[in-house]
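*Asks:* predicted model and sequence below, questions to follow.
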Amino acid sequence: MFSLKSLFTPAFLRRLGGAGASAIADGIMEFVYNRDSAYWTGRFPFIPTIEPLPPLDDFLVLGGSVATWLLGAWKNEKVKEVGEGATIYATAMILHHIIHRSAFVLPLAAPAAAAEVPPTVAERLARKGYTPTKAVQLRNGRYTPTMPGRLGYTPTA
């Protein structure tokens, strides 16, 4: 019989805590970058790497997670479990960024085609045969004195 007690073992909770700590570390770095991206662009730890790899800050999160895992494997089983959870999160995060940045990895990961921009009012009126008048051209900054007409658009018939 299934029980929640069997699911949430201490080892699972330690791994979950490690993944959460790794996510918090990544979130703090992203928050710092997004607060002032103009200042942080190109500065440590937000140095760009080779495309399609994410910036260095994501690899620092992965490096800290792997270091925790290896330290735990050497010293303490509980620390190893925390490091495992953190490494699982960080590895998935890196893979997500790589797939998101490269359309050639998976065809399904290709960015969506740009939606067609709906025509402006001026384009729709031009299709119907109307030409812009002096007032419209002045407002758009494209006045040519040879165009006759009233305010708005006039038919070209």
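*Replies:* Right, received. Where do you want to start? Residues are numbered from 1 along each chain as shown.

*Asks:* what comes up buried for stretch 42-58?
*Replies:* Judged by neighbour count (16 or more other Cβ atoms under 10 Å), stretch 42-58 contains these buried residues: F46, P54, P55, L56, D57, D58. No exception for glycine: its C-beta is placed from N, CA and C like everyone else's.

*Asks:* check the separation of the first and last residues in it.
*Replies:* 14 Å (Cα to Cα, to the nearest Å).

*Asks:* please work out the average pLDDT along that stretch.
*Replies:* Here stretch 42-58 scores 87 as its mean pLDDT.

*Asks:* tell me how far it is from the chain's mean position?
*Replies:* Mean-position distance between stretch 42-58 and its chain equals 14 Å (Cα atoms, centre = their mean, to the nearest Å).

*Asks:* then stretch 62-81?
*Replies:* Using Cα atoms, centre = their mean, the offset of stretch 62-81 from its chain centre is 29 Å.

*Asks:* please save the CA atoms from it in CSV.
*Replies:* C-alpha atoms of stretch 62-81 as CSV (Å, rounded to 0.1, in the frame of the first residue of the first chain):
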residue,chain,number,x,y,z
LEU,A,62,26.5,23.6,-11.2
GLY,A,63,30.1,23.7,-9.9
GLY,A,64,29.0,24.4,-6.3
SER,A,65,26.5,21.5,-6.5
VAL,A,66,29.0,19.0,-7.8
ALA,A,67,31.6,20.2,-5.2
THR,A,68,29.0,19.5,-2.5
TRP,A,69,28.3,16.1,-3.9
LEU,A,70,31.9,15.1,-4.1
LEU,A,71,32.6,16.4,-0.6
GLY,A,72,29.8,14.4,0.7
ALA,A,73,30.9,11.3,-1.2
TRP,A,74,34.3,11.7,0.5
LYS,A,75,33.1,12.7,4.0
ASN,A,76,29.4,12.3,4.8
GLU,A,77,26.5,10.4,3.2
LYS,A,78,23.9,13.0,4.2
VAL,A,79,25.9,15.8,2.6
LYS,A,80,26.3,13.6,-0.5
GLU,A,81,22.5,13.3,-0.8
